[in-house]
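Novice: need a structure here:
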Amino acid sequence: MGNELSPLTPDEEAWQKLHPYLLGQKGFVERVTHGEDVTQEDLQGFQDVLTMLHTFWRDQRSISRQQVLPLWSVLFQLEEYISLEPIRERELRPLLQQLGTWLDAAFDPDTSLLDEEAALEMLLQQILGGPSFRVSLRQNAVDTLYFQNFLYQLDQLQVAWHGKEALPKRACSALFAIEQFPWASESSSEAELRERMDMKQLVFQKIDACLRDGEYGERVLEQRTDEATSEEKEVVAMYKDTDIVVENDVWSMLKKHLVDEGGLLDQLEQGRVIQVELGNQPEKHQDIQDIRRVIDALRHFWRARQTLPRWQLCLLWSVIPRLERLILRFPESPLPLHILRAKFLTWFCDALDTFERGQIDQDLLLHDLEFHMKELRSFGAELRFGQINLSAFAELALAISILRSAWHGRVVLPRRAAWLLMLVPLMSWDASAFSQEESQQLEGMKRQLYALIDACFCEGAEIVGVRQDKAQTE
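Specialist: Numbers count the residues shown, from 1 in each chain. This is a model prediction of the structure:
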């Protein structure tokens, strides 16, 4: 690894030094697999070039597959070598874990949570959470369902990455964390250790397939495209004979029922008691039937949209705090209001959800993979298990605050972010596991998030009847 001058860019120069050093003839991998000792100078040179790459990649959100694959090959080839020469396991395992740590760090972002895209990633983490195969390994309680879900996500990733020249840095960071998994445990039996080693080998093979690309991704992608086209035809046919022919009809009806005087919410605020059916039973109340029907149509109109008008999101969001205030105002008969709130939230979230059958949602896919590969914390997930994570809540509030600033003055907002924010009321705020003091603490947290979400959706959104409602509550 000399210091010759080069006409290449700094990252290209670093890469041309690193590749032969790692994988070339008499390179790092070849010398290790031929039984030669690894010197401190070898390790220092490896770390120096990776540090250089990390600097060059700091502000990039994707990295060339041609650069990622050789780095992965170092881990993959050394793992294969150890499986063939287990006598060197004790000698080489610490080395491999150290290399894995350095490789993982090369992909880690070196920036703070300051932009909109990073805030959306944090929303996914803090609101959704998810299962973690790595955590189950660490707890010495291998969950086979988690493992199967993990493998499924890797299969999905192979399909999503088929033919891609550049790969998301977030995903690369997650995949390279595999070397840090606690595969071995002193308390495990020999049979359990063999099972874990079989799992490890399978995971390594699937990650290798993701990074190398192949025919599997192309075959599945073609099949899912055909399924999506077929589903689209079914959806179009579903609405062919409906009286909802333009989107304006949807918003006229929603405004009538949810905003205007004499509408459903106004009637409820006047103390009228209505019948709301449990579960998926057909609604008997005509206004609720109308709202359900137009929300179903709205999902059809929004099908291909990635951004939505701010005033529309404000209208939908404003319904939820109004219903929650009604629940507190009429404690003698809260059940119908609770059911109505839950139904509205479910319908709104279904309409906002961007997931489509036959397509792979890369944001959600990367989110799920990160939870399997890294021990991430999630405010929403921990809340479901009766735990209040203050640092995770602070990150969630910060993410929403960043979105509020980023969206200042906009008239359209990202649909995915709107869906995530609409999920906040569905979090486990009222779990019975909490003490009275904790419940009061959570109520304050909830109000803080509601105020931020209201600002995200409704700052600058002019809807008659909506802003007046907010003014009455402040």
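Novice: quick one, strands of the stretch 201-350 of the chain?
Specialist: 307-309 (DSSP state E, counting those that start in this stretch).
Novice: show me where it has its helices.
Specialist: With DSSP state H, counting those that start in this stretch, the ranges of helices along the stretch 201-350 of the chain come out as 215-238, 247-258, 264-269, 286-301, 310-329, 335-352.
Novice: nearest to His34, out of those?
Specialist: helix 215-238 (33.1 Å; Cβ to Cβ). All C-beta spots, glycine's among them, are computed from the backbone N, C-alpha and C.
Novice: and the closest one, what's its mean pLDDT?
Specialist: Helix 215-238 comes out with an average pLDDT of 47.
Novice: contacts for the one helix or strand Phe393 maps to?
Specialist: If you go by DSSP states H and E, Phe393 is part of helix 390-406. Helix 390-406 has contacts (Cβ atoms under 8 Å, 6 or more residues apart in numbering) with 113-116, 118-120, 122-123, 125-127, 377-379, 382, 417, 421, 445, 448-449, 452-453, 455-456, 459.
Novice: now Ser64: how far from Gly35?
Specialist: From Ser64 over to Gly35 the distance is 33 Å, taken as Cβ to Cβ, to the nearest Å.
Novice: these two: who's more crowded?
Specialist: Ser64 (13 against 8; other Cβ atoms under 10 Å).
Novice: show me what contacts the more buried one?
Specialist: 165-167.
Novice: Ser62 - how many residues pack around it?
Specialist: Neighbours of Ser62 using other Cβ under 10 Å come to 16.
Novice: isn't it up against Arg170?
Specialist: No: assessed by Cβ atoms under 8 Å, Ser62 is found out of contact with Arg170, at 9.3 Å.
Novice: where does the stretch 101-250 of the chain dip in pLDDT?
Specialist: 109-114, 214-245 (pLDDT under 70).
Novice: show the contacting residues for the closest residue to Arg305 other than its chain neighbours.
Specialist: Here the nearest residue to Arg305 in space, its sequence neighbours aside, is Arg415; by Cβ to Cβ, 6 or more residues apart in numbering that works out to 6.2 Å. Shown in contact with Arg415 (Cβ under 8 Å, 6+ apart): 302, 305-308, 352, 354.
Novice: before we move on, the earlier item: okay, and which of the contacts of Ser64 map to strands?
Specialist: 166-167 (DSSP state E).
Novice: now, of the contacts of Ser64, which are buried?
Specialist: Leu167 (16 or more other Cβ atoms under 10 Å).
Novice: now the contacts of Ser64 in a markdown table, with distance to Ile178?
Specialist: A markdown table is the format used below for the contacts of Ser64 (distance: Cβ to Cβ, whole Å):
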| residue | distance to Ile178 |
| --- | --- |
| Glu165 | 23 |
| Ala166 | 21 |
| Leu167 | 15 |
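Novice: nearest to Gly100 among the contacts of Ser64?
Specialist: Once Cβ to Cβ is applied, the member of the contacts of Ser64 that ends up nearest Gly100 is Leu167, at 17.9 Å.
Novice: hang on, isn't Gly386 packed against Asp430?
Specialist: No: in this structure Gly386 lies outside contact range of Asp430 using Cβ under 8 Å: 11.6 Å.
Novice: who's in contact with the residue most central in space within the chain?
Specialist: When Cα atoms, centre = their mean is applied to the chain, the residue found nearest the centroid is His367 (3.3 Å). Each residue near His367 by Cβ under 8 Å, 6+ apart is listed here: 121, 124-125, 128, 130.
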